[in-house]
Every structure is written in C-alpha cells, then in structure tokens.
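Quick check, what structure comes out for this input:
(one chain, ligands or ions: 1)
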Amino acid sequence: MKIGILKETQKGERRVSISPNIAKQLIAKGFEIFVEEDAGLKSSYKNSDYADVGVQVEKRGVLYKEAQVLLKINPFDEDDLKLVDKGQILISQLYHKSNAELIQAIAAKGATAFSLDAMPRISRAQDMDVLSSQNNLAGYKAVILGAYEMTKIFPLMMTAAGTITPSKVLIYGVGVAGLQAIATAKRLGAVVEATDIRTETKEQAQSLGAKFISVDNEGEASEGGYAKEASDEYKRKQKEAVDKSLFQADLVITTANVPGRKAPVLITEEQVLQMKNGAVIIDLAAAQGGNCEVSKMNETVILNGVKVIGTTIAPESVSTNASELFAKNIYNFLMHLIKDNAFKWDLEEEITNETLIVKEGEIRQK
Ligand code: NAD
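Predicted structure coming up:
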C-alpha cells in the first residue's frame, strides 16, 4: 500500500504528520512511503532524513497520483481537494462537526476520510489520541512561556544576597494539559495548586505534588470521564474556594474545556482586577472562547498589571517532539485499521466507526 505524507500548508504550522523514524517503521511493515518535498523541514527533518530510511521524496502532484492513503495534520483544504481522486483515503484532523462544507466536498469527490480528532477517548484508543499527545506538550510549553513572561523565578533560592521565595502557580483544569503543567511547574520549583470540576483528578494532581483545591461538585454531571458544563452554583462555589489562591498567584494556567462546548469562563474581569500586579495568566482555552473573560486568542492583554495571554501554545512550537508523537499516533491508528495490507472496514468496531467520517463518498458522521 502506498502512503503519502503531505506538507502542511496552514499558516504557522511547523509539524509534519510522519517523522522519518516512524516512516522507517511503516516501511518495515511493508508500506511504500512518499513524502512531499520539504514537508519535514520545520520539524528539523531534512528530505535526506526521509530518503535515508527509504522514503521517496516527491513533488505534491506525484503524491496525489501515486498514494492510496494521504496523511496530513490539519484538515484537507480546497487546494488539496482539487487533486484528490475518487477512492483515495484521507487521514487528518477534520473537526467534522464544525466543518460541514469540507465534509461535503470530500464526499463529492467520492473519497474516504478518517478524522483523528474524532477518536473515541477509550483506553485502547489512547495511543492513537492526537489531542492527548499534543495537549501534553501544550501543558509543558505553557509553563515555559509563563516562566519567560514572569518577572520572578520559580524556585526557592537561598543566596548570600537574600532568600527568594518560590513562585505560586495555579492551574485550572487537571486534564492532559493541566497534569503536564503541574509536573513541569513542580520540576522548576514552584508551589503549585490546581482545581478541576472532576473530583477524580484530586489524586492525580496530588501525586504530582500539587495541592488540590476541592470544590463541592454535588449535582454536577460528567460523561464518560469528561466534564459537562458547570452550573452557576458551581461557578459561585469555585470562586469562593479558589479566589484566595488566584489573588496570590504569580502564574495561572487555565486548561478547562467541555467537549463540544465553548470553554467555561472561570476567571472574570473583576477577578483579574484583584490579582497581583505582575501576575501572568496563560489561557490555553483561548481558541475555544477562553477560560478568562478578558483573554483574546493570539494576543496579550494587560489589565491592571496582569498579563493575560491567549494561546494554544500550539504544539507546533515544539514541532520536532509534536511531529514524532503525532506520527506514532497515526502509526498505531494505521496498524489498527489495516491487516494484510488492506483496510479491514470493521464498522462494528468503535474506533473505526467513530473516526470514519466519509466512506467512498457517503457521509457517515455529522
Ligand atoms: P479537556 O481538555 O476536555 O478539559 C480539561 C480539563 O478541564 C478536564 O479535566 C475538565 O474536567 C476540566 N474542566 C472542565 N470544566 C471545568 C470547570 N468549570 N472548572 C474546572 N475544571 C473544568 O480534557 P482532557 O485533558 O482532554 O481529558 C480529560 C480526561 O480524559 C483526563 O482524565 C484524561 O486522562 C482522559 N483522557 C482519556 C483518553 C483515552 O482514554 N483515550 C484520552 C484523552 C483523555
């Protein structure tokens, strides 16, 4: 089976869907791999790194002509679709629920498309879950960005010139990104506190050395291990429990999301006004509307001396690692879907069923 690795065209993107190391593993499994010229350059992979492991480096047009399976990180766009042929299998993130036009266009081509972001979040899909692998890096990078933006250092330091007390870091949302943010901030020596609407996260946060701020969540629903939208009563209780820590924090990292919804507002403008001068908020949910009322995606807002940075700290900022992990997720996904060099099309199976958005021109998931 021939697989094509396309160069990402989205502005600011630096990652590539398959690294040379994973391409080598695919070749060892019997696949023939093509990569678009320069696809890996911004992730530190040269064309020759791919060629050295047996990948054919070609121009874009050749990939569309030769490959049965085409791989990307970001959704296929209009330009891609002009080149797609009936019968080709596209694998990328598609965000199909908010991209109806794209899904229609893929179907009109008679192509097949799997969406990586539609991966069910069940244990056996964990090693194929691109949201987890990438969010983990975002959690790490948020702390590094915070450290850079702060006017203080993280650890306790006893020097001849005096003692520096450790910085206080507060983390909202103890999911994949939040847990990595806790671990990273702890390693740098900060005093870390964290809160989450799901009480089962308490133990996880504590095991990484954070103090967990519990908020009574009685009556709050959760589904399949994911938070649902919090009630106004919960928001009130959360403020009550967390405000003291928020107003003393040097760095706040917010990661709270509710699948399929706008991100919950956890820090209002009024609360920002009561924070310490010089404090930094990194809002990782900014792309979903933001956990902080004043944050704006890709902007730094300064309010009363508090820097509010809205960002995804897109994993592309650590594109070498992000590409390697993304590639491993795709490798595992392909191993799941393919047997004896052919797709299994096991539509009764949850992972295949939920990620297969279009099959030979027929839209299966809306
Ligand atoms: P997420 O990005 O949807 O949300 C981040 C965190 O924000 C969650 O922990 C959520 O509970 C929290 N949150 C939501 N609303 C909140 C509010 N009002 N106040 C405070 N916190 C709020 O979640 P995620 O990081 O993708 O993962 C959530 C859970 O799912 C984790 O336990 C993770 O380990 C698990 N997970 C499992 C798989 C799998 O099994 N394949 C894959 C990914 C994640």
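
can we go C-alpha only for contacts and neighbour counts from here?
Will do.

Residue 245: what's it in contact with?
170, 193 (CA atoms under 8 Å, 6 or more residues apart in numbering).

got the buried residues for the helix or strand containing it?
Secondary-structure assignment from DSSP states H and E places residue 245 in helix 232-248. For helix 232-248, the neighbour count (16 or more other CA atoms under 10 Å) marks 234-235, 237-239, 241-243, 245-248 as buried.

again, but for stretch 214-226
Buried residues in stretch 214-226, defined by neighbour count with 16+ other CA under 10 Å: 214-215, 217.

contacting residues around residue 307?
Residue 307 touches 278-281, 300-301, counting by CA under 8 Å, 6+ apart.

what does residue 64 give?
Residue 64 makes contacts with 4, 70, 83-85, as judged by CA under 8 Å, 6+ apart.

Among those residues, name the buried ones.
4, 70, 84-85.

From those residues, pick the one nearest the ligand.
The nearest member of the buried ones among the contacts of residue 64 to the ligand, counting by CA to the nearest ligand atom, is residue 70 at 23.9 Å.

what's the neighbour count on the residue of the stretch 201-350 of the chain found nearest the ligand?
Closest residue of the stretch 201-350 of the chain to the ligand, CA to the nearest ligand atom: residue 256 (3.2 Å). Using other CA atoms under 10 Å, residue 256 has 27 other residues around it.

sorry, back to before: quick one: which of the contacts of residue 307 has the most company?
residue 281 (32 neighbours).

what does the stretch 51-200 of the chain have sitting close to the ligand?
121-123, 125-126, 132, 172-177, 196-198 (CA under 6 Å from any ligand atom).

Parallel or antiparallel, list what pairs with the helix or strand of the chain with the lowest mean pLDDT.
Averaged element by element with mean pLDDT, DSSP states H and E, the chain has its least confident helix or strand at strand 222-223 (a mean of 73). Counting by DSSP bridges, the strands paired with strand 222-223 are strand 226-227 (antiparallel).

if you look at the strand it pairs with, does any of it touch the ligand?
Yes - on the criterion CA under 6 Å from any ligand atom, strand 226-227 is in touch with the ligand at 226-227.

List the contacts of residue 298.
Counted by CA under 8 Å, 6+ apart, residue 298 has contacts 309-311.

tell me, which of these make contact with the ligand?
Within these, nothing lies near the ligand by CA under 6 Å from any ligand atom.

Among those, which ones are in strands?
309-310 (DSSP state E).

As TSV, the contacts of residue 298 with pLDDT would be great.
Supplementary listing: those in TSV, determined by pLDDT from 0 to 100:
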residue	pLDDT
309	97
310	95
311	91
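
any chance of the contacts of residue 298 in TSV, plus neighbour count?
Converted to TSV, those look like this (neighbours: other CA atoms under 10 Å):
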residue	neighbour count
309	28
310	26
311	21
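
want to try CSV for the contacts of residue 298, with distance to residue 106 as columns?
Output for those, formatted as CSV (distance: CA to CA, whole Å):
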residue, distance to residue 106
309, 36
310, 32
311, 30
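
circling back: put together CSV for the contacts of residue 64, with pLDDT and secondary structure on each row.
As requested, those are arranged in CSV below (pLDDT from 0 to 100; DSSP: H, G, I helix; E, B strand; the rest coil):
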residue, pLDDT, secondary structure
4, 98, strand
70, 98, strand
83, 96, helix
84, 96, coil
85, 93, coil
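
List the contacts of residue 286.
So residue 286 contacts 263, 292, 295-297, 310-312 (CA under 8 Å, 6+ apart).

just residue 205 next, same as before
Residue 205 makes contact with 174, 179, 182, 194, 211-212, according to CA under 8 Å, 6+ apart.

Equivalent analysis for residue 277, please.
304-306.

One more: residue 258?
226-229, 264.

out of those, who has the most neighbours?
residue 264 leads these on contacts (other CA under 10 Å) with 21 neighbours.

And that one, how close does it get to residue 228?
10 Å (CA to CA, to the nearest Å).

Could you report the neighbour count for residue 162?
Around residue 162 there are 8 residues (other CA under 10 Å).

Repeat that for residue 80.
When neighbours are counted by other CA under 10 Å, residue 80 comes out with 14.

That one sits in which helix or strand?
Going by DSSP H and E, residue 80 is in helix 78-83.

same deal with residue 262?
Here residue 262 is assigned to no helix or strand, by DSSP H and E.

which residues sit in contact with the spatially closest residue to residue 105 that is not a sequence neighbour?
Of all residues not flanking residue 105 in the chain, residue 81 sits nearest, at 7.6 Å (CA to CA, 6 or more residues apart in numbering). By CA under 8 Å, 6+ apart, the residues touching residue 81 are 105-106, 109.

low-confidence ranges in the stretch 101-250 of the chain?
224-225 (pLDDT under 70).

mind listing the helices for it?
Secondary structure of the stretch 101-250 of the chain, counting by DSSP state H, counting those that start in this stretch: helices at 130-149, 176-187, 201-207, 232-248.

Can you convert those into a markdown table and add a column each for distance to residue 338?
Formatted as a markdown table, the helices of the stretch 101-250 of the chain follow (distance: least, CA to CA, whole Å):
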| stretch | distance to residue 338 |
| --- | --- |
| helix 130-149 | 19 |
| helix 176-187 | 28 |
| helix 201-207 | 35 |
| helix 232-248 | 46 |
